[in-house]
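1. Make a model of this:
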Amino acid sequence: MTSEVIEGMSDQDQIAEEPSDKVADLVEYVVCGLVDDVDAVTLDVVDSDDGTLIEVSCAEADAGKVIGRRGRTIKAIRTLARALGQRVGTSVEVEVLG
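-> Below you'll find the predicted structure:
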């Protein structure tokens, strides 16, 4: 396999990005906008043949903000993630670990 350098692109830009990376970026952006302790937010992305699982960890005090009343907020985040997942060609599940 040969590696070509494309003009105008750095080595970072040439690294192939997985479809799940785009979805994880969206989930991280939304979750970080909701919580108070942004530094405590971590995402664990698990790719498999069936699809992608995104596990969101955050501060215990912020878990309620991510989940929302009656789970409405996490339901909306899952809807956004699944919609983007369809566009990039992967099925997505989002779980909050708290």
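2. Can you say which helix or strand has the spatially most central residue of the chain in it?
-> Nearest to the geometric centre of the chain sits residue 24, at 1.6 Å (CA atoms, centre = their mean). Secondary structure assignment for residue 24, by DSSP states H and E: helix 19-34.
3. Quick check: buried residues in that helix?
-> Residues of helix 19-34 classed as buried under the neighbour-count rule (16 or more other CB atoms under 10 Å) are 19-20, 23-24, 26-28, 30-31, 34. Glycine gets a C-beta too; all of them are placed from N, C-alpha and C.
4. Closest one of those residues to residue 76?
-> residue 30 (8.5 Å; CB to CB).
5. What residues does the closest one make contact with?
-> Residues in contact with residue 30 (CB atoms under 8 Å, 6 or more residues apart in numbering) are 77, 80.
6. what's residue 44 sitting at in phi/psi?
-> phi -120, psi 110 (degrees, to the nearest 10).
7. what do you get for residue 65?
-> Dihedral angles (degrees, to the nearest 10) for residue 65: phi -70, psi -40.
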